[in-house]
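# sequence and computational prediction follow.
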Amino acid sequence: MPVYDKPMIYYPIYVLMETGIREILIITTSRDQNLFKNLLGDGSQWGMRIEYKIQKEPNGIAEAFVIGEEFIGKDNVVLILGDNLFYGGNLKDTLLEVNKREDVSTIFGYRVKDPRRYGVVEIDKNGNAISIEEKPKEPKSDLAVPGLYFYTNDVIQIVKKIKPSARGELEITSVNEEYMKMKKLKVEKLGRGMAWFDTGTHDALIETASFVQTIQKRQGLQICCPEEIAFENGWITRKQLKEMSKKMLKNDYGNFLKDLSENNVD
């Protein structure tokens, strides 16, 4: 993997932390679970709780809500796909605002040059989703749907009622269609200045790694730094942050944490 594979793995965690979420369930395969556990642990180092579940068969993204039913309980829930990366100056404010919506679900729309390659959402003048299509030949809009979803607790029962698609999977699009029928699906547009990468292919992963490398080298900051967000959110102390940095002082990441703990980073 590229040199910058660690931020890629951290990124879904980072996005949820920016939203103020401290309880995370990671759903992965039995083959990969120990790799994630070894890297992320139980989250206590960041003042969080991280648990793990296995998806035994590739039954679709939406199955995550059935697998995680006990973990979710009666709360609303956020789902982020592990191969999506978002970056932008107003990302945190956007996420916090969306997370305040108690009674409606929210997906995102990102303008793309060739929407035929993506799931595409059409919206009305009030930002409500009115149609969603997967890789349409004649797209009704240029808004692709990234892998980040804010759902009400209804999603668990919705998934239990939808039928598998022709490829035998519980599709996230089917979930969104059910919310549209209930007129409870908002679309938040990610505008200019916001970057979204889907790293589901080797080429896309390399492209994303290059983007991360450029930003980090140019600005001297770290993209996807959970220690930084935990510190800013007050989930860990300055002393804890400094202790974490000591374990990694042979690389830029550790030196960044050290500078952060000493108030040398704006």
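Perfect, thanks for sending it.
# run the chain-centre distance for the helix or strand harbouring residue 207.
Using DSSP states H and E, residue 207 falls within helix 202-219. In terms of C-alpha atoms, centre = their mean, to the nearest Å, the centre of helix 202-219 is found 18 Å from the chain centre.
# I'd like the next helix or strand past it.
Downstream of helix 202-219, the next assigned helix or strand under DSSP H and E is helix 226-232.
# quick one: contacts of that next one?
10, 13-14, 17-18, 46-48, 222, 236-238, 241, 244, 256-257, 260-261 (C-beta atoms under 8 Å, 6 or more residues apart in numbering). Backbone N, C-alpha and C define where each C-beta goes, glycine included.
# ok, now stretch 46-55?
Identification of contacts with stretch 46-55 by C-beta under 8 Å, 6+ apart yields 13, 17, 22-30, 33, 36-37, 40-43, 63-64, 67-68, 71, 226-227, 229-230, 233, 235-236.
# before we move on, what about stretch 179-193?
The contact list for stretch 179-193, computed with C-beta under 8 Å, 6+ apart, reads 86, 88-90, 94, 98, 101, 103-111, 121, 123, 127-132, 143, 146, 151-152, 154, 158, 176, 196.
# and if you look at stretch 245-260?
By C-beta under 8 Å, 6+ apart, the list of residues contacting stretch 245-260 reads 6, 216, 220-222, 225, 227-228, 231, 241-242, 244, 261, 265.
# one more time with 10 Å
Stretch 245-260 is contacted from outside by 6-7, 216-217, 220-222, 225, 227-228, 231-232, 238, 241-244, 261-262, 264-265, using C-beta atoms under 10 Å, 6 or more residues apart in numbering.
# just to revisit the earlier point, just the ones of the contacts of helix 226-232 in helices?
The helices, defined by DSSP state H, take in 10, 13-14, 17-18, 238, 241, 244, 256-257, 260-261 from the contacts of helix 226-232.
# by neighbours, which of these wins?
Ranked by neighbour count (other C-beta atoms under 10 Å), these have residue 17 at the top, with 27 neighbours.
# surely that residue meets residue 236?
No. Look at residue 17 against residue 236 with C-beta atoms under 10 Å: they stay out of range, at 11.3 Å.
# centre-most residue in the protein?
Closest to where the C-alpha atoms of the chain average out (C-alpha atoms, centre = their mean) is residue 80, at 3.3 Å.
# now do that residue, the pLDDT please.
Confidence at residue 80, expressed as pLDDT, is 95.
# check residue 205 too.
On the pLDDT scale, residue 205 is placed at 87.
# tally of neighbours for it?
Residues near residue 205, counting by other C-beta under 10 Å: 20.
# gap between it and residue 154?
34 Å (C-beta to C-beta, to the nearest Å).
# again with residue 85
Taken as C-beta to C-beta, the span from residue 85 to residue 154 is 28 Å.
# looking at those two, which one has more neighbours?
Neighbour count, other C-beta under 10 Å: between residue 85 and residue 154, residue 85 has more, with 25 against 17.
# SS state for the more buried one?
With DSSP: H, G, I helix; E, B strand; the rest coil as the basis, residue 85 sits in strand.
# surely it and residue 215 touch.
No. Residue 85 is beyond contact range of residue 215, at 11.2 Å (criterion: C-beta under 10 Å).
# next, show the common contact partners of the two.
Each of 195, 223 lies in contact with both residue 85 and residue 215 under the rule C-beta under 10 Å, 6+ apart.
# show me which of the contacts of stretch 245-260 are buried.
Buried by 16 or more other C-beta atoms under 10 Å: 6-7, 216, 222, 225, 227-228, 231, 241, 244, 261, out of these.
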